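In: dropping a prediction and its sequence here:
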Amino acid sequence: MNILESTTRYNVLSAQMQSGKTGTALYYAFQMLKTRRCQRIIIMTGNRDTALREQWEENVDSHLEEFAPTTKEYRAMRKEVNVYFG
């Protein structure tokens with residue numbers, strides 16, 4: 001089943017460290033925004049690790065720069081992605 005065709009409102013990724021979970025999650029999140037299957041992406045965790053939070057925030061920006069190469073598209077999509085820790 002294609003994740004983007006699913007009616008499920010959440011997805012869980014479970015894999016080994018350094019296996020590409022962040023990139024995969026962000027790719028599908030950006031794809032869902034681009035195809036208007038959702039209006040906002042919220043990444044939440046109860047983890048209070050500030051280094052991990054900063055890593056996620058940096059990953060959102062770097063992955064989005066590759067996904068949405070035009071400045072206008074990047075700015076519009078960036079407003080719809082929020083990362084919440086702790």
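Out: That came through fine.
In: which elements pack onto the lowest-mean-pLDDT helix or strand in the chain?
Out: Ranked by mean pLDDT, DSSP states H and E, the helix or strand of the chain with the weakest confidence is strand 41-45, at a mean of 81. For strand 41-45, the elements it packs on are helix 21-34, strand 81-85, judged by 3 or more C-beta pairs under 8 Å, 6 or more residues apart in numbering; DSSP states H and E. In this view, the C-beta of every residue, glycine as well, is placed from N, C-alpha and C.
In: 6 Å instead, please
Out: strand 81-85 (3 or more C-beta pairs under 6 Å, 6 or more residues apart in numbering; DSSP states H and E).
In: distance from the chain centre to the next helix or strand after the least confident helix or strand of the chain, please.
Out: Counting by DSSP states H and E, the next helix or strand C-terminal to strand 41-45 is helix 50-67. The chain centre lies 9 Å from the centre of helix 50-67; the measure is C-alpha atoms, centre = their mean, to the nearest Å.
In: could you give the angle of the next helix-or-strand element following helix 50-67 to helix 21-34?
Out: Sequence-wise, the next helix or strand downstream of helix 50-67 (DSSP H and E) is helix 71-78. Per axes from the mean of the first three to the mean of the last three C-alpha atoms, to 10 degrees, the angle that helix 71-78 makes with helix 21-34 is 110 degrees.
In: show me the shaky parts of the protein.
Out: Within the chain, the segments meeting pLDDT under 70 span 1, 3-4, 9, 11, 13.
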